[in-house]
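Chemist: from the sequence below, what's the structure:
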Amino acid sequence: RVSTMGAAPSKSSSADVPPCEGGRAAYEAARSASSNAESSSCPVPEEYRGNLGVYNVYNTKIATPTSGDAAGGGAEAQNAKPARRSWFGFGASALDPRNNMPTEPAQARAPGQRRDLSTARETSTIPKSGTGGTWTYPSPQMFYNALVRKNKAEDVDEADVDSVVMVHNAMNEDTWRRVAQWEKLHRYASGHPMLLRFRGRPDELSPLAMLNVATGGQRPFDRHDWYVDREGREVRYVIDYYFNEEKAGTSEQFDVVVRPALDSVDALVDRLKMNIYIGCAALGIPCPVKTFTGSREDAAGEDALS
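Modeler: Prediction:
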């Protein structure tokens, strides 16, 4: 597993099972399902834009609200000095001591790499806080370099990297769709929720995952924390990723469980509201929660609290 712009897919136990049914088709379907498909403009007013800074895909702050250049990285990023050079001898020239990740995208071939991989990067539909655009996914070459850097490339067939990246991207589009659904519980004065940053925590079980494992359930293959910019306020979401063996080889082989982290009373209220909404939708009765703007069908399909 690798944590770049989301959770990397688990490898199927069957050698005959493709990484994901449909490949690019599944990714495009996930993109079209996103509630925020804008990729070139940001409707968020200046007073809300970039108040929390700008982060790169390595969870490193590259600009501050006072830098005056949120999109370009600002003085903080320009003056930052890397602590040491990478010992890999390829790609990014240094590692950031704050997260042990490259300070620049690694697009060169990895040592021992046998075939060329694409360096093209896909643009997501996920709004990026502090900018007028969206997040950009890692290229297949960047993805493979990350696997090599984390000593997880031994069992990876280079011919499958493109398909794996498509699955990775589709999962992130689906994750954001679910996060945006939760954010509909809140009325925005203007604009929409934006993703500020994210953090992979594959070796740390969330409380819900701990309970699931303790009661004989499945262990998630990855966990992420996503931080949303809610009109200048940072809000954390916890995401667990599960592999569904019964649907291996299809576009539904991954189960994504999203919910707001219980960091505040608001998050607890949101969970209660969503449970009420899902319950009413399942029973086909009017929902007393009026701040949710999504359809009841959307809510019925949101099983994050199960």
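
Chemist: just checking, next helix/strand downstream of the longest strand along the chain?
Modeler: If you go by DSSP state E, the chain has its longest strand at strand 233-243. Sequence order places strand 254-260 as the next helix or strand after strand 233-243, per DSSP states H and E.

Chemist: remind me what that following strand packs against, helices and strands.
Modeler: If contacts are counted by 3 or more C-beta pairs under 8 Å, 6 or more residues apart in numbering; DSSP states H and E, strand 254-260 sits against helix 161-183, strand 233-243, helix 265-283. Where C-beta positions appear, they are placed from N, C-alpha and C, glycine not excepted.

Chemist: what angle sits between the longest strand of the chain and helix 161-183?
Modeler: 130 degrees (axes from the mean of the first three to the mean of the last three C-alpha atoms, to 10 degrees).

Chemist: list the neighbouring strands of strand 233-243 plus their orientation.
Modeler: Strand 233-243 pairs in its sheet with strand 222-230 (antiparallel), strand 254-260 (antiparallel), by DSSP bridges.

Chemist: what does the average pLDDT come to for that strand?
Modeler: Mean pLDDT, computed over strand 233-243, is 95.

Chemist: pull the CA coordinates from it and hand them back as CSV.
Modeler: Taking C-alpha atoms only, strand 233-243 is exported to CSV below (Å, rounded to 0.1, in the frame of the first residue of the first chain):
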residue,chain,number,x,y,z
ARG,A,233,-12.2,25.9,9.3
GLU,A,234,-10.2,22.7,9.2
VAL,A,235,-12.3,19.6,9.6
ARG,A,236,-10.9,16.1,9.8
TYR,A,237,-12.5,13.0,8.2
VAL,A,238,-11.5,9.4,8.9
ILE,A,239,-11.5,7.0,6.0
ASP,A,240,-11.1,3.2,6.2
TYR,A,241,-10.6,1.1,3.0
TYR,A,242,-11.7,-2.5,2.8
PHE,A,243,-11.2,-5.1,0.1
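
Chemist: buried stuff in it?
Modeler: For strand 233-243, burial by neighbour count (16 or more other C-beta atoms under 10 Å) applies to V235, R236, Y237, V238, I239, D240, Y241, Y242, F243.

Chemist: equivalent analysis for stretch 254-272, please.
Modeler: So for stretch 254-272, counting by 16+ other C-beta under 10 Å, buried means F254, V256, V257, V258, R259, P260, A261, A267, D270, R271.

Chemist: which residues in the stretch 51-200 of the chain form strands?
Modeler: For the stretch 51-200 of the chain, the strands defined by DSSP state E, counting those that start in this stretch cover 54-55, 61-63, 84-85, 94-96, 101-102, 123-127, 134-136, 194-200.

Chemist: between the ones you listed, which gets the lowest average pLDDT?
Modeler: Among those, strand 84-85 scores lowest, with a mean of 37.

Chemist: number of residues surrounding E252?
Modeler: 13 (other C-beta atoms under 10 Å).

Chemist: from W182, how far out is it?
Modeler: Using C-beta to C-beta, to the nearest Å, E252 is found at 21 Å from W182.

Chemist: next one: phi and psi at the nearest residue to T136 once chain neighbours are set aside?
Modeler: Excluding the flanking residues, the one nearest T136 by C-beta to C-beta, 6 or more residues apart in numbering is R121, at 5.0 Å. The phi and psi values for R121, taken as degrees, to the nearest 10, are phi -120, psi 140.
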